[in-house]
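[1] what's the 3D shape of this:
(one chain, ligands or ions: 3)
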Amino acid sequence: MNYSSINPIHAAPEGFQFGRVWNCSSQIPSLNYRTRTFMAVQEDMTSKPRIPHVLTVAGSDSGAGAGIQADLKACAALGVYCSTVITAVTAQNTIGVQGVNLVPEDFVAEQLRSVLSDMQVHVVKTGMLPSIGVVEVLCHSLKEFPVRALVVDPVMVSTSGDILADPSILAGFREELLPMADIVTPNLKEASTLLGGVRLQTVADMRSAAKLIHTLGPRNVLVKGGDLPDSLDAVDIFFDGENFHELRGSRVKTRNTHGTGCTLASCIAAELAKGSPMLLAVQVAKRFVETALDYSKDMAIGSGPQGPFDHLFKLKSNVYNSYRRRGFNPSDLFLYAVTDSGMNKKWGHSITTAVKAAIEGGATIIQLREKDAGTRDFLEAAKACVEICRSHGVPLLINDRIDVALACDADGVHVGQSDMPVHVARMILGPEKVIGVSCKTPEQAEKAWAEGADYIGCGGVFPTTTKANNLTVGLDGLKTVCLASKIPVVAIGGIGVANARSVMEIGASNLKGVAVVSALFDRECVFTETRKLHAVLTDVAALVVK
Ligand SMILES: Cc1ncc(COP(=O)(O)OP(=O)(O)O)c(N)n1
Ligand SMILES: Cc1nc(C(=O)O)sc1CCOP(=O)(O)O
Ligand SMILES: [Mg+2]
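    Ligands and ions are numbered 1, 2, ... in the order given. Predicted coordinates:
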């Protein structure tokens, strides 16, 4: 590999020299003309809304899976303007990195000045910073032109194992850049390197690492556990200096993972530029990467072991429609908590504390099923729950009431066979909202799919006292419906810690989880009960995968 810190770039157009060309006022034909134009632009800008703006300071990847190219695509996908300061040009593809050519440090400084002095940057995101000199230049620029937030992706080694930064930059990270950072997003190897080579093999190690890295100065730390051995989920640890959050997503099986780190950091930066709080920005970013990987898992570009993925999957009209239709992640059905106002009243829980406790215990989706509430109270409660769920990245659905779902901007609805027909609900809600339907037979499952439902709820698997006069279909009935269903299924009815295993072990790959009311909410401690059920489900999932 050709890795050099002294090679200048030679590929500039004829007559172009790096450095002093367009910033030289003698080359502008008329100063008066320029001044007038500048003033007109200034006037115009005050009346226009500002676009969220991320500046990425990173290396170029010729294969366009990572680096500057990934950052541009990620920001575009999230509707954020992205400007670029290029620190290095790499020759790379799906096989690895064949060469690195560094941009001279004073020209990195010049790019920084050009953008930061003029273009109203909200957030700076860093990627490949190949030398201590570049780190110093960047820190100096950020002191001269402060921005709202700094996101540091401490890139040191490429996914193919090639070195992308001189080891001397570690001191620059520790002493200069991290103390200025709002968040740093190391993977396991990078976290280990930042901490002098400690071994990181468990979630507990990741927590300790996050805490130690926090002492280096960044306001928040996200240690990414993608490389954690024997991990079923994609577990990341977020630490804000006080609290830890274990962020779990589903691990997408694909070779197309090149650029996930750059993309995640860029998405965090993009969401921060839009004004999101940090934890929400991280959760949205994680979800974006997971969805993009899922949609690109079979993409075939290049012959090497690590392919790129498609950031702009939403632009492809056919994929876009089906993405929107299936705008939820089936793995969200894993632990589906359905509320009940009567049970909350009985235990003295407010709906919001109950929902929060369920989420903290591991619920992956919430349905508000408030049969006795008046419309106004239901709407107020739903709005509060939408906020809670969004801040945790957990979808919220409303039982029966499409009007309430629209009014509180919930993520969707769950309807039964005697509620609003699915095709009408779809027409009212549009393609983006999630629609679930209760089905007890294969015929109902077929119809639900044809009318545009996203998932079906099948039950009652066991007898229940929560829903009056409910027909029990049993494990056999559940299996029959699962086998017939073209969309994911969640089981419901009489399910709890004692029998969840038997449900999940029926042997249907589209059975994605269990929906539960009384075993979570007709209890004194919703958090503890949810946690117990989560542990059972995680255990079964581990066995099924092995
Ligand atoms: C996930 C899930 N599955 C089934 C139901 C039952 O819905 P429905 O048949 O409309 O009955 P009610 O809940 O309205 O009594 C559900 N709510 N959630
Ligand atoms: C709301 C609901 N729907 C069902 C169906 O069969 O479609 S069973 C049910 C009640 C589930 O409550 P619990 O977890 O307390 O048994
Ligand atoms: Mg209903």
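[2] domain map for this protein?
    In terms of domains, the chain is parsed into 20-49, 53-182+256-313, 323-545 (source: automatic domain parsing).
[3] just name the most buried of the ones you listed.
    Mean neighbour count (mean count of other Cβ atoms under 10 Å) peaks for domain 53-182+256-313 among the domains of the chain, with a mean of 21. C-betas here are computed from N, CA, C, even on glycine.
[4] and the domains of the chain: which comes nearest ligand 3?
    Taking Cβ to the ion, domain 323-545 is the member of these nearest to ligand 3, at 3.4 Å.
[5] does the closest one reach ligand 1?
    Yes - under the criterion of Cβ under 6 Å from any ligand atom, ligand 1 is reached by domain 323-545 at 336, 338, 367, 369, 399-400, 414-416, 419, 436, 438, 457, 459, 467, 490, 492, 515.
[6] inside strands: which ones of the residues you listed?
    Tyr336, Val338, Gln367, Asn399, His414, Val415, Gly436, Ser438, Gly457, Val490, Ile492, Ala515 (DSSP state E).
[7] per-residue pLDDT, the residue in the stretch 101-250 of the chain that ligand 3 sits nearest to?
    Residue of the stretch 101-250 of the chain nearest ligand 3, by Cβ to the ion: Ser250 (28.2 Å). Per-residue pLDDT puts Ser250 at 75.
[8] can you offset everything so residue one is 504?
    Let's use 504 as the start, then, which means that last one is Ser753.
[9] now it, nearest residue through space, not along the chain?
    The spatially closest residue to Ser753, leaving aside those adjacent along the chain, is Ser834, at 4.3 Å (Cβ to Cβ, 6 or more residues apart in numbering).
[10] looking at it, the one you found is touching Asp797, isn't it?
    No - using Cβ atoms under 8 Å, Ser834 is not in contact with Asp797, being 9.7 Å away.
[11] and the furthest pair within the ones in strands among the residues of domain 826-1048 next to ligand 1?
    Farthest pair in those (Cβ to Cβ) is Tyr839 and Val918. Separation: 15.0 Å.
[12] just for the stretch 704-853 of the chain, where's the confidence low?
    Scanning the stretch 704-853 of the chain for pLDDT under 70 picks out 733-735, 819-830.
[13] go on, the chain?
    Applying pLDDT under 70 to the chain picks out residues 504-552, 661-663, 733-735, 819-830, 1046-1049.
[14] the helix or strand encompassing Gly675 packs against which elements?
    Gly675 is part of helix 672-675 when elements are defined by DSSP states H and E. Packing partners of helix 672-675 (3 or more Cβ pairs under 8 Å, 6 or more residues apart in numbering; DSSP states H and E): helix 635-647.
[15] how far does the helix it packs on sit from its chain's centre?
    29 Å (Cα atoms, centre = their mean, to the nearest Å).
[16] can I get that helix in PDB, CA atoms only?
    C-alpha atoms of helix 635-647 as PDB (Å, rounded to 0.1, in the frame of the first residue of the first chain):
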ATOM      1  CA  ILE A 635      -1.500  15.200  14.300                       C
ATOM      2  CA  GLY A 636      -1.000  18.400  12.100                       C
ATOM      3  CA  VAL A 637      -4.500  18.000  10.700                       C
ATOM      4  CA  VAL A 638      -5.900  17.500  14.200                       C
ATOM      5  CA  GLU A 639      -4.200  20.700  15.300                       C
ATOM      6  CA  VAL A 640      -5.400  22.700  12.300                       C
ATOM      7  CA  LEU A 641      -8.900  21.500  12.900                       C
ATOM      8  CA  CYS A 642      -8.900  22.400  16.600                       C
ATOM      9  CA  HIS A 643      -7.500  25.800  15.700                       C
ATOM     10  CA  SER A 644     -10.300  26.400  13.100                       C
ATOM     11  CA  LEU A 645     -13.000  25.300  15.500                       C
ATOM     12  CA  LYS A 646     -11.800  27.800  18.100                       C
ATOM     13  CA  GLU A 647     -11.800  30.500  15.500                       C
END
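[17] His1037 contacts Ala840, correct?
    No - the pair His1037 and Ala840 fails to qualify as a contact (Cβ under 8 Å) at a distance of 10.3 Å.
[18] got any residues that touch both of these two?
    Ala866 (Cβ atoms under 8 Å, 6 or more residues apart in numbering).
[19] check contacts around the closest residue to ligand 2 within the stretch 804-953 of the chain.
    Nearest to ligand 2 in the stretch 804-953 of the chain, going by Cβ to the nearest ligand atom, is Ser941, at a distance of 4.3 Å. Each residue near Ser941 by Cβ under 8 Å, 6+ apart is listed here: His917, Val918, Gly919, Gln920, Ile959, Gly960, Cys961, Gly962, Ile995.
[20] now these as a markdown table including distance to Pro633?
    Shown next, in a markdown table, are the contacts of Ser941 (distance: Cβ to Cβ, whole Å):
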| residue | distance to Pro633 |
| --- | --- |
| His917 | 52 |
| Val918 | 55 |
| Gly919 | 59 |
| Gln920 | 62 |
| Ile959 | 52 |
| Gly960 | 53 |
| Cys961 | 55 |
| Gly962 | 57 |
| Ile995 | 54 |
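[21] out of these, who's near ligand 3?
    Gly919 (Cβ under 5 Å from the ion).
[22] make a markdown table out of the ones in strands among the residues of domain 826-1048 next to ligand 1 and add distance to Met659.
    Shown next, in a markdown table, are those (distance: Cβ to Cβ, whole Å):
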| residue | distance to Met659 |
| --- | --- |
| Tyr839 | 41 |
| Val841 | 46 |
| Gln870 | 44 |
| Asn902 | 49 |
| His917 | 46 |
| Val918 | 51 |
| Gly939 | 44 |
| Ser941 | 51 |
| Gly960 | 47 |
| Val993 | 42 |
| Ile995 | 48 |
| Ala1018 | 44 |
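[23] distance of whatever residue of the stretch 604-753 of the chain ends up closest to ligand 1 from ligand 2?
    Going by Cβ to the nearest ligand atom, ligand 1 is nearest to Ser753 of the stretch 604-753 of the chain, at 19.3 Å. For Ser753, the distance to ligand 2 (Cβ to the nearest ligand atom, to the nearest Å) stands at 24 Å.
[24] bridging residues for that residue?
    For Ser753, the beta-bridge partners are Asp736 (DSSP bridges).
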